Structure formats: structure tokens, C-alpha cells
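Chemist: take a look and give me a structure for this.
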Amino acid sequence: MSKVITRKNGAIAHIILSNTEKMNAMTMEMWQAIPPALQSFDQDPEVRVIVISGDGDKAFISGADISQFDKLRGTEDAQVMYNAHVNAAYAAPILCSKPVIASIRGYCFGGGLGFAASCDVRICAEDAQFRMPAARLGLGYDPVGVKRFMDILGAANTADIFYSARRFDAKNALHMGFVSQVHPVSELEAQTLAYAKMVSENAPLTMAAAKFSIRQGLTEESEKDLDTAREMVKRCFASEDYKEGRKAFAEKRTPVFKGV
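Modeler: Got it, this is the predicted structure:
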């Protein structure tokens with residue numbers, strides 16, 4: 001059963017993304033649960049920092065739940081609605097006034113990578129594996145999300161992970177600057193909590209002011225360029241390649257794209 005689990009331990013709040021049978025693949029219901037969970041902790045005066053992790057030891061988020069694709073992402077209208085919920089979940093850590101830390105074990109693919117990019121700090125275990133597979137599915141990626149990766153990784157690394165759709169490991173993620181710390185699997189939880197405790201002890205107003213300034217710097221974008229990019233994304237979702245990507249993924253074969 002998929003769900004989003006919340007708990008609080010003093011000044012440290014936890015959000016746990018749970019769909020262990022599918023390596024924490026995100027269902028629509030899980031995406032929808034993220035904004036209210038973060039908003040609740042943001043409004044709680046006792047909470048100083050929020051840690052987000054995946055349930056179990058296999059994955060942070062392995063991507064979107066493929067079983068929902070035909071129903072929830074099979075048409076242009078359905079895709080628009082689905083994207084709205086996903087983008088709201090991505091925006092939630094950014095809009096939250098408190099520091100949000102992603103603690104990453106195992107797979108962090110697709111939507112998981114995008115969601116982790118929305119968090120303020122990313123800490124991972126040595127077994128973490130990352131991937132942006134959009135180009136293997138034929139789907140378009142929101143330009144605001146691409147810009148978010150560029151702000152973290154730079155243009156060259158962003159191009160690399162989107163063009164190649166390759167997996168990269170914790171060492172590579174650290175080198176690119178996607179994660180701030182890498183720890184042995186056995187130490188990830190303790191090290192994340194130690195960091196969260198350190199953050200929780202700092203001045204909330206100072207952190208909130210810093211986060212606001214960082215957020216403003218990361219969200220500047222030309223409206224004209226945004227409109228053009230979004231039209232390109234719409235064309236992706238209306239394409240035969242998007243249908244082929246979904247079909248090939250479900251059939252576990254290499255997709256054959258035609259650029260139409």
C-alpha cells in the first residue's frame with residue numbers, strides 16, 4: 001500500500017515516502033499528500049527542519065508508478081492534470097520556509113530525482129543510484145524543473161543527465177554537486193539526523209531569510225522562454241514517441257523513437 005508517513009521528533013520532522021512493493025514509486029495519491037504534509041510542518045512552531053526519506057532500504061523514490069500511466073497520463077488533458085499535482089509536490093519543499101533535507105538510499109530516479117532537486121540539501125548513502133530517464137520514455141520535462149537542475153548542476157551536467165538518461169552513482173552525484181554528503185549505508189540515518197539536529201539549533205529567522213533569498217535567485221526565468229519551452233513539452237506529450245516510450249517501458253524493451 002502506498003502512503004506518505006509523517007512523524008515528529010522534537011524540532012525535527014520526518015516525511016517518509018512509502019510504496020515498498022514498488023521501490024517507493026510515486027502514485028498520484030502520494031504526490032498529492034506531499035504539499036499538505038510539508039505545509040503542516042511549516043506551520044508547526046516546534047519544527048525547525050524537515051527530513052524526507054524513502055521507506056525501506058531499496059529506494060528514495062524509484063520514479064512514478066508506471067501502473068498509473070495509461071489511466072492518469074495517457075491523454076493530453078490527463079497529463080496536464082497529473083503534471084499539476086507533481087509540480088505542486090516539487091514546489092512544496094521550495095515554498096516551505098524551513099530547511100528541507102532529502103536523505104537518499106538506493107534508487108533516486110525520474111520523479112525522485114526531480115523531487116530531491118527541490119529539497120534544500122541532499123545527503124545520500126554510498127549505495128544511492130541516480131537517473132533522469134525522460135529521454136528513454138519520450139516525455140517532456142517541465143522547463144522550471146530543468147532550470148532547477150541547471151542551478152544545482154550547471155548546464156553541462158544537466159545536459160549530460162538528460163541527454164544520456166544514464167545512471168550515476170553517489171560519487172558522481174557528489175562530484176557534480178547534486179549531493180552535499182555521502183555516507184556508508186550503515187551511517188546514513190545517524191549522519192542525516194546529526195546534520196538535521198545541527199540545522200535545527202540555528203536561528204529560524206536567519207534560515208528563513210536565507211532560504212527566501214536562495215529561492216528568489218533560483219526562480220528567475222523569462223516568460224517568453226517559459227512559454228516556448230512549455231509548448232515544446234506539450235508537443236512531447238502529444239507525440240507518437242511518448243506512446244512508444246510508455247509501451248516499451250511496460251514491455252521492458254528498448255524504445256524505437258522517430259521524432260514525431
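Chemist: so who does Gly112 touch?
Modeler: Residues near Gly112 by C-beta atoms under 8 Å, 6 or more residues apart in numbering: 24, 26, 54, 59-63. Backbone N, C-alpha and C define where each C-beta goes, glycine included.
Chemist: go again using 10 Å as the cut-off
Modeler: 17, 23-26, 54, 59-64, 102, 104, 106, 130-132 (C-beta atoms under 10 Å, 6 or more residues apart in numbering).
Chemist: repeat that for Gly145.
Modeler: 86-87, 90, 111, 113-115, 117-118, 132, 134, 233.
Chemist: mind doing that once more with 6 Å?
Modeler: Gly114 (C-beta atoms under 6 Å, 6 or more residues apart in numbering).
Chemist: separation between it and Thr206?
Modeler: Using C-beta to C-beta, to the nearest Å, Gly145 is found at 28 Å from Thr206.
Chemist: can you pull out the strands in the stretch 51-200 of the chain?
Modeler: Using DSSP state E, counting those that start in this stretch, the strands assigned to the stretch 51-200 of the chain run over residues 59-61, 100-104, 107-109, 121-125, 129-131, 167-169, 181-183.
Chemist: tabulate those strands (a markdown table), appending mean pLDDT and mean neighbour count.
Modeler: Listed next are the strands of the stretch 51-200 of the chain as a markdown table, based on pLDDT from 0 to 100; neighbours: other C-beta atoms under 10 Å:
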| stretch | mean pLDDT | mean neighbour count |
| --- | --- | --- |
| strand 59-61 | 97 | 27 |
| strand 100-104 | 98 | 27 |
| strand 107-109 | 98 | 26 |
| strand 121-125 | 98 | 24 |
| strand 129-131 | 98 | 22 |
| strand 167-169 | 98 | 16 |
| strand 181-183 | 98 | 18 |
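Chemist: make a markdown table from those strands and add distance to Trp31 to it.
Modeler: Below are these laid out as a markdown table (distance: least, C-beta to C-beta, whole Å):
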| stretch | distance to Trp31 |
| --- | --- |
| strand 59-61 | 10 |
| strand 100-104 | 16 |
| strand 107-109 | 15 |
| strand 121-125 | 19 |
| strand 129-131 | 19 |
| strand 167-169 | 23 |
| strand 181-183 | 27 |
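Chemist: can you tell me the SS state at Val256?
Modeler: Here Val256 is coil, with the state taken from DSSP: H, G, I helix; E, B strand; the rest coil.
Chemist: who's in contact with it?
Modeler: For Val256, the contact set (C-beta under 6 Å, 6+ apart) is empty.
Chemist: same question for Thr6.
Modeler: 15, 37.
Chemist: same thing with Pro184?
Modeler: Glu126.
Chemist: do the same with Gly110
Modeler: Gly110 makes contacts with 63, 133, as judged by C-beta under 6 Å, 6+ apart.
Chemist: that older thread, of the strands of the stretch 51-200 of the chain, which is nearest Asp44?
Modeler: Distance to Asp44, taken as C-beta to C-beta, is lowest for strand 100-104 among the strands of the stretch 51-200 of the chain, at 13.7 Å.
Chemist: relative to strand 121-125, how tilted is the closest one?
Modeler: Here strand 100-104 points in a direction 20 degrees away from that of strand 121-125 (axes from the mean of the first three to the mean of the last three C-alpha atoms, to 10 degrees).
Chemist: name the strands paired with strand 100-104 and say parallel or antiparallel.
Modeler: Sheet partners assigned to strand 100-104 using DSSP bridges are listed as strand 49-54 (parallel), strand 121-125 (parallel).
Chemist: and those: which comes nearest Ala173?
Modeler: Across the strands paired with strand 100-104, closest to Ala173 is strand 121-125 (C-beta to C-beta), at 6.5 Å.
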